[in-house]
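**Student:** could you look at this predicted model? Sequence included:
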Amino acid sequence: MTTIGVLALQGAFREHIRSVEASGAKGILVKRIEQLDEIDGLIIPGGESTTIRRLIDKYNFLEPIRQFGKQGKPIFGTCAGLILLASEIDGSYDVHLGLMDIRVRRNAFGRQRESFEADLDIKGVADQYNAVFIRAPYIEGVGKEASVLATYKGNIVAAQQDNFLACSFHPELTDDHRITEHFVKMVEEAKKSLAS
Ligand SMILES: NC(=O)CC[C@H](N)C(=O)O
């Protein structure tokens, strides 16, 4: 069975397990680097990116997660997780994992719009997808290897680059599991091609 780990250092990790299991894969909470060997794909959840980074350093996750991604194993970053994957944050190259060629703006929707919901069309994934945004970042631009999957009012809110998927919103907070299902498919395909 395909096993997907959810990085469980801080943030909305438990809800992702529910979404992974509703999407037909096994979900496990990842708290130690050894567990990366037991999983086929990794979700980095929403929360507070600076706090998650602090804990990533405390538990020595930075290089092991980079290697996991560089081997071709899929990683899905949601909200703070998207920030952790980015190659540029708020105009700075002082980044976290830097695995995905995306330029990110934190808390990009401003104070008036701390949290909101919007219907999105996510290219090749879902139409009329009800997305929940909480102090969300958006993607100002993507490199040529990455493709834009969804925009909201002209701002990029979901993107994919090879084995990396990222979105600004919280897919684990609704019962619409279509983007998690898309990630599960990415993981199943990567698992097959890495085994052959
Ligand atoms: N819901 C979220 O994950 C918010 C992200 C948060 N604003 C950050 O910068 O990390």
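**Tutor:** Everything's here; your move.
**Student:** C-alpha coordinates for the helix or strand hosting Glu15, CSV please?
**Tutor:** Per DSSP states H and E, Glu15 falls inside helix 13-22. Extracted in CSV, the C-alpha atoms of helix 13-22 (Å, rounded to 0.1, in the frame of the first residue of the first chain):
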residue,chain,number,x,y,z
PHE,A,13,-1.0,17.7,10.5
ARG,A,14,-3.7,15.4,12.0
GLU,A,15,-6.4,16.7,9.5
HIS,A,16,-4.1,15.7,6.6
ILE,A,17,-4.1,12.1,7.8
ARG,A,18,-7.9,12.0,7.5
SER,A,19,-7.6,13.5,4.0
VAL,A,20,-4.9,11.0,2.9
GLU,A,21,-6.9,8.0,4.2
ALA,A,22,-10.1,9.3,2.5
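**Student:** so is that helix next to the ligand?
**Tutor:** No: residues of helix 13-22 contacting the ligand under Cβ under 6 Å from any ligand atom: none, with a closest distance of 11.5 Å. For the C-beta atoms, the positions are set from N, CA and C on the backbone; glycine is no exception.
**Student:** please shift the residue numbers so they start at 48 in all later answers.
**Tutor:** In the new count, where the first residue is 48, that last one comes out as helix 60-69.
**Student:** mind checking how far that helix is from the chain centre?
**Tutor:** Relative to the centre of its chain, helix 60-69 is centred 13 Å away, using Cα atoms, centre = their mean, to the nearest Å.
**Student:** avg pLDDT for that helix?
**Tutor:** Average pLDDT, helix 60-69: 97.
**Student:** next, the angle from the longest helix along the chain to helix 60-69.
**Tutor:** Counting by DSSP state H, the longest helix found in the chain is helix 225-242. Using axes from the mean of the first three to the mean of the last three Cα atoms, to 10 degrees, the inter-axis angle of helix 225-242 relative to helix 60-69 is 70 degrees.
**Student:** can you give me the buried ones in helix 225-242?
**Tutor:** Residues of helix 225-242 classed as buried by neighbour count (16 or more other Cβ atoms under 10 Å): Arg225, Ile226, Thr227, Glu228, His229, Phe230, Val231, Lys232, Met233, Val234, Ala237, Lys238.
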